[in-house]
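Colleague: sequence and predicted structure below; questions after.
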Amino acid sequence: MSPFLTYVLLFALGLGTTITFASSHWFLAWVGLEINTIAILPLMASLHHPRAIEATLKYFLTQATAASTLLFAATTNAWLTGQWDIQYMTDPFSVILFTLALALKVGLAPLHVWLPEVLQGLDLTTGLILSTWQKLAPFALFAQITSHNGTLLIVLGLMSMFVGGWGGLNQTQLRKVLAYSSIAHLGWMVIILQFNPALSFLSLFMYIMMTFSTFLVFKWVSTTNINALAISWAKAPAVTALMPLVLLSLGGLPPLSGFMPKWLILQELSKQDLAATATLAALTALLSLYFYLRLSYAMTLTMFPNNSVGMLPWRFEPSQATLLFAASITVTLASLPLTPSITALFFY
């Protein structure tokens, strides 16, 4: 794909998300989501591989279903209430349909089945966009209708945590592991959305930074499955030393940055007299932590047989830019001491 076309598609991605952010009318929000979807499809299919084309088709059909359901919910609400404004989504049936449509768009359980299969067929760069940027516009809409569907959001959140934890246990493909990690983190964001939207967006920000670091590391060492992690030490010794910390941060282990949103979410759930929900959420975090530990073990405590070819790669100059790489890893590992400042910034 030519650089000019790539820039046009990336601009369209940003434009679609911005339109959804800025819209107060359902039709404009839907248009923004559609621009976003149409812009990412050529990027997904640019690999020119049957698996990528299959993933693109699956993503298109899923997003088309979600978009049509969303438009139907908005039209139904407008028919019953006479309002197209997002803030006036008051019809219960329309709210449930709209919530399920957005859940399908981002990959919340039980509407998550498409996400691991689609992410597995993409290259790491496009998978990074799908796992991070594509979550922003639907969450901007989620945050505006949370007052009418609290119980449904809690159920979706808990189901996503359990599915994300159980689903990643037996995976050998790193992109599928990251897909189930995305489902589990989405559950944490959704379950707290109605009580503290700022905390939900803080969790989304931390998830984006941690996932950004993880994808960049896997791209750096050119790895897409667990077995290949064993030779990453020969390609990038320093990065291999840091990668277990990045993975444990994704799992929410203190004193790393990933502990911050989980800690604050459990605290907020306890304040809302949802002790049982907080307990279940904490238990699902242990499931996710197990497969992150599995990846860490494969990367640092498993050594590939030595040979002259495998020992060479670290001697060459890296061809990828390191500024974003270093900045994202720093945020992923060292943000926990700044929790008071970060929470003050998000809760202002």
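Modeller: That came through, no problem. Residues are numbered from 1 along each chain as shown.

Colleague: any weak-confidence spans in the stretch 201-348 of the chain?
Modeller: Scanning the stretch 201-348 of the chain for pLDDT under 70 picks out the ranges 303-321, 348.

Colleague: what mean pLDDT does the lengthiest helix in the chain have?
Modeller: The residue-count maximum for a helix in the chain (DSSP state H) belongs to helix 50-81. Averaging pLDDT along helix 50-81 yields 92.

Colleague: what of stretch 164-184?
Modeller: Stretch 164-184 comes out at a mean pLDDT of 91.

Colleague: show me what contacts the closest residue to Y88 other than its chain neighbours?
Modeller: Leaving out its chain neighbours, the residue that sits closest to Y88 by Cβ to Cβ, 6 or more residues apart in numbering is T81, at 6.0 Å. (Glycine included, C-beta is placed from N, CA and C.) Shown in contact with T81 (Cβ atoms under 8 Å, 6 or more residues apart in numbering): Y88, T90, D91.

Colleague: with L269 instead?
Modeller: L269 makes contact with I191, I192, F195, A275, T277, A278, A281, according to Cβ under 8 Å, 6+ apart.

Colleague: how close does the fourth one sit to S288?
Modeller: Between A275 and S288 the distance, using Cβ to Cβ, to the nearest Å, works out to 21 Å.

Colleague: more neighbours, those two?
Modeller: With neighbours defined as other Cβ atoms under 10 Å, A275 and S288 compare such that S288 has more, 27 against 11.

Colleague: any idea how far the residue lying closest to E268 once chain neighbours are set aside lies from L269?
Modeller: Leaving aside its sequence neighbours, E268 sits nearest to N196 (Cβ to Cβ, 6+ apart; 5.2 Å). Plainly put, N196 is 10 Å away from L269 if you go by Cβ to Cβ.

Colleague: Q144 too?
Modeller: Q144 is 22 Å from L269, by Cβ to Cβ.

Colleague: list the buried residues of the longest helix of the chain.
Modeller: 52, 55-56, 58-60, 62-63, 66-67, 69-71, 73-74, 77-78 (16 or more other Cβ atoms under 10 Å).

Colleague: chain center to stretch 92-106: distance?
Modeller: Relative to its chain's centre, stretch 92-106 lies at 18 Å (Cα atoms, centre = their mean, to the nearest Å).
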